[in-house]
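> How does the following fold in three dimensions:
(one chain, ligands or ions: 1)
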Amino acid sequence: MSQILIVEDERELVKVLRSYLEKENFSVLSAYRGDTGYSLWEKENPDLVLLDLNLPGMNGLDFARKIRQQAQTPLIMITARVEESDQLVGLEIGADDYITKPFSPRIVVAKVRALLRRAQAERIPPKNLTLGDIEIDIDAHTVTKSGSFIELTPTEFDLLRTLASQPGRAFSRKHLLEATQEVAYEGYERSIDTHIKNLRAKIEPDPHSPKYIETVFGIGYRANRELG
Ligand code: CA
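Alright, predicted model coming up:
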């Protein structure tokens, strides 16, 4: 069941929206102020936010800005016709859609449905990667080899995930550096060698003659195609 957060100071409007959305089997949270709405958003992580522009506590644009700094929660702005320029600002900030008052609650429900469908489709399904007997669980951020857990640093995990995503493809040190959380500086490309050395020590039976991660002379590294 999708959870919708309504942040709107017109209580009558909240009541109407709530009843329409609940009739459609949505679970509804609501707040009459921007600041309390924001706390609810942080705490509950709803699937979609219906957000009024003019709100006590924190206005809708600041609210939207704060959300977008942290998350891609689908966001529909509720505006009055006189606030047309604010609608544009709202879209620029990253609101996905807007509704102009007065509106029919049916339209709101239709927009909510459409936006949730779109957000669902855009969500990339989590995928597990394998490289021979090594399994990489992207969601859980864990790596096992023949069923036993291997402790990797975040950088080692990123490297292994990147290489195993396309076995046989040679990745340059620069590309690998960019795939990790580390800041990519020209001079730091060689630091990849150290991380690979540490990674090999953890996964290779014989790190001096690696079978999972091969060195590509003059370029970087690749995962063994035959294990992919
Ligand atoms: Ca208002």
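> Is any residue of the helix or strand that contains Leu61 near the ion?
Counting by DSSP states H and E, the element that carries Leu61 is helix 60-68. No: with C-beta under 5 Å from the ion as the threshold, helix 60-68 lies outside contact range of the ion, at a closest distance of 8.1 Å. Backbone N, C-alpha and C define where each C-beta goes, glycine included.
> could you point out which element follows that helix?
Next element after helix 60-68 (DSSP H and E): strand 75-80.
> Name the residues that touch that next one?
By C-beta atoms under 8 Å, 6 or more residues apart in numbering, the surrounding residues in contact with strand 75-80 are 8, 48-54, 60, 64, 67-68, 86-87, 90, 94-101, 103, 108, 111-112, 115.
> buried sites along whichever helix or strand comes after that strand?
Counting by DSSP H and E, the next helix or strand C-terminal to strand 75-80 is helix 84-93. In terms of neighbour count (16 or more other C-beta atoms under 10 Å), helix 84-93 has its buried residues at Asp86, Gln87, Val89, Gly90, Ile93.
> Any idea how far helix 84-93 is from the middle of the chain?
Per C-alpha atoms, centre = their mean, to the nearest Å, the displacement of helix 84-93 from the mean C-alpha position of its chain is 23 Å.
> how close does the closest residue to Asp97 other than its chain neighbours get to the ion?
Spatially, and ignoring its direct neighbours in sequence, Asp97 is nearest to Ile76 (4.8 Å; C-beta to C-beta, 6 or more residues apart in numbering). If you measure Ile76 against the ion using C-beta to the ion, to the nearest Å, the figure is 14 Å.
> Three-state assignment for whichever residue of the chain sits closest to the ion, please.
Each residue of the chain has a distance to the ion, by C-beta to the ion, and the smallest belongs to Asn54, at 4.0 Å. Classification of Asn54 by DSSP: H, G, I helix; E, B strand; the rest coil places it in coil.
> Find the helix or strand that Leu152 is a member of.
Leu152 belongs to no helix or strand, assigned by DSSP H and E.
> same question, the one 5 residues further on
If you go by DSSP H and E, Phe157 is part of helix 154-165.
> same deal with Ala140?
Element membership for Ala140, per DSSP H and E: none, as it lies in no helix or strand.
> ok, it - how many residues close by?
Counted with other C-beta atoms under 10 Å, the burial measure for Ala140 works out to 10 neighbours.
> list the contacts for it?
The neighbourhood of Ala140, defined by C-beta under 8 Å, 6+ apart, contains no residues.
> rewinding a little: between the helix holding Leu61 and strand 75-80, what angle do the directions make?
Counting by axes from the mean of the first three to the mean of the last three C-alpha atoms, to 10 degrees, helix 60-68 lies at 180 degrees to strand 75-80.
> buried set for helix 60-68?
Judged by neighbour count using 16+ other C-beta under 10 Å, the buried positions of helix 60-68 are Gly60, Leu61, Phe63, Ala64, Lys66, Ile67.
> How about the contacts made by the third one?
Going back to what we said before, that points to Phe63. Applying C-beta under 8 Å, 6+ apart, the residues contacting Phe63 are Val7, Gly34, Gly37, Tyr38, Leu51, Leu55.
> again, only using 7 Å
By C-beta atoms under 7 Å, 6 or more residues apart in numbering, Phe63 lies in contact with Val7, Gly34, Gly37, Tyr38, Leu51.
> just the second one next, same as before
Residues in contact with Leu61, defined by C-beta under 7 Å, 6+ apart, are Leu53, Asp86, Val89, Gly90, Ile93.
> again, 6 Å this time
For Leu61, the contact set (C-beta atoms under 6 Å, 6 or more residues apart in numbering) comprises Val89.
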